[in-house]
Each structure stands twice: as C-alpha cells, then as structure tokens.
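> Fold the following and give me the result.
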Amino acid sequence: MADLYTVDARGLACPQPVLETKRVLDEGLANDFLVLLDNATSKENVSRFARNQGCEVELQKEEANEFHLRITSGDKPKAADQPEELLPCAMPGTEPQAKQVIYVATRYMGQGDDVLGAKLMRGFLQTLIDCNPLPWRMLFINSGVYLTTVDDAAVQAVSMLQDKGVEVLSCGTCLQHFKLEEELKVGKATNMFEVIETLNGATKVISPD
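Take a look at the predicted model:
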C-alpha cells in the first residue's frame, strides 16, 4: 500500500480531482494508484470517471471527510454506450464550508398531527436540497433515524444531499433501539462521541423539530 502511486486531491475544488485522475491515466503514470479525497461528491465523480475508463475502483477508506479510492486500470472496455454521468460541481458559495449542522431528533416536524408532521419533515428535507449554503453534516437522533432507514421519500431526499457532499450520521444506539440497524440506507451509524464532536465543531445548529 505504501508503494502505490498516490494522488492527493484533498482540498481541490470540483472538477480538479477528476482532472488529476484523468492525468494519471492519460499520461500512464500508474496502472494501480490511490486517490485521496475529502468530500463525497469528489469521491463519487472520481469513481464514476474511472469506471467509465474501464478501471476497477475500490473504496479502501471512508471516515468523516476522508476517502481513499484505489484505482486499477485493466482490460475492461471503456463505457462508451452508457457511461455513468458525473455529479454537477457545486456553484461557488454552495459548499458546506460554514460547518452548519442539521440536527433531526424526531421523524416529525412540529407537534400536533403526526401525519402532517411527517409530511412537513419530508418537505423540509426535499427543499433543503436546493438551499444555499448546504449543511456540513446532518445528525439523525432518536426517531429521526426513521428518515434514513424506512421512510423512502425522506431517504431519497437525504441521499441527494449526501451526493452533494453533506455528511449524514445516524445515531447507532437509536438504530439499535428501534431495531433498524439493518435498514440504514443512507449515511453511516455514529456514536455519542462523534455527535458531541459534531455539535462542538458546528458554527450553527438548525433543528427542524
């Protein structure tokens, strides 16, 4: 692993990580190499680009905002017919630089009617996709973990936010309590230490509850 050619694309704005990966392949600098990335959008775009070029892609590390992709070129043909489309680069000012955190502690928005509350929460998540700036992280606590597991409309919205670079964290203890550990569909399970670390590191915390 230590001997692999490494492209450190951390801190590079989109689409630079893809261009750096393309340079390695075009110039034949390495047939087996690592690409280091610091956001989910770059990870996804580099992966899609490499697969379109006929490469094998292996995610070797994923934690917080750290992604290590191992890319191996081989004999696979390029995806000429149906290549995977790259995600659009965020416009200036839309990157989650301010470390805003969305703290979701329930599956409902507001109090009173739960059916209405669930509808409002889904609407909040869907609207957040087009808001500027995007949050740094989203924390799903208590019954909020239903929104990253079995609520398909919410999962779809949260997945789109994750594709734009938002980190999604669901309380592991909460998943266990509601017996939803095997149902997690977006983001990753987290612990109380990371929850506290996230809240301490946030410049702003917003709760739609």
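
> isn't Gln100 right next to Lys204, touching?
Yes - counting by C-beta atoms under 8 Å, Gln100 touches Lys204, with 4.7 Å between them. Backbone N, C-alpha and C define where each C-beta goes, glycine included.

> Below-threshold pLDDT in this structure: ranges please.
The chain contains residues with pLDDT under 70 at 1-2, 75-82, 89-98.

> ok, 80 please
Scanning the chain with the threshold set as pLDDT under 80 gives 1-3, 64-65, 74-84, 86-98.

> which residues of it fall in strands?
Assigned by DSSP state E, the chain shows strands spanning 5-8, 32-37, 55-63, 66-73, 100-104, 137-140, 167-171, 188-190, 204-206.

> Quick one: closest of the ones you listed to Val158.
Closest to Val158 of the strands of the chain is strand 167-171 (C-beta to C-beta; 5.8 Å).

> Mind giving me the packing neighbours of that closest one?
When contacts are defined as 3 or more C-beta pairs under 8 Å, 6 or more residues apart in numbering; DSSP states H and E, strand 167-171 packs onto strand 137-140, helix 152-163, strand 188-190, helix 192-201.

> Turn these into a markdown table, including mean neighbour count and distance to Val7.
Below are the helices and strands packed on strand 167-171 laid out as a markdown table (neighbours: other C-beta atoms under 10 Å; distance: least, C-beta to C-beta, whole Å):
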| stretch | mean neighbour count | distance to Val7 |
| --- | --- | --- |
| strand 137-140 | 27 | 26 |
| helix 152-163 | 19 | 22 |
| strand 188-190 | 19 | 24 |
| helix 192-201 | 13 | 27 |
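
> I'd like these as TSV, with distance to Leu37 appended.
Converted to TSV, the helices and strands packed on strand 167-171 look like this (distance: least, C-beta to C-beta, whole Å):
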stretch	distance to Leu37
strand 137-140	17
helix 152-163	14
strand 188-190	16
helix 192-201	20
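
> Which one of those lies nearest to Arg48?
helix 152-163 (11.2 Å).

> Can you show me the CA trace of that closest one as CSV?
The C-alpha coordinates for helix 152-163 follow below in CSV (Å, rounded to 0.1, in the frame of the first residue of the first chain):
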residue,chain,number,x,y,z
ASP,A,152,-38.4,6.1,1.4
ALA,A,153,-39.3,9.7,0.5
ALA,A,154,-37.0,11.0,3.2
VAL,A,155,-34.2,8.6,2.3
GLN,A,156,-34.3,9.8,-1.3
ALA,A,157,-34.0,13.4,-0.3
VAL,A,158,-31.2,12.7,2.2
SER,A,159,-29.4,10.7,-0.4
MET,A,160,-29.4,13.6,-2.8
LEU,A,161,-28.0,15.8,0.0
GLN,A,162,-25.2,13.3,0.6
ASP,A,163,-24.4,13.2,-3.1
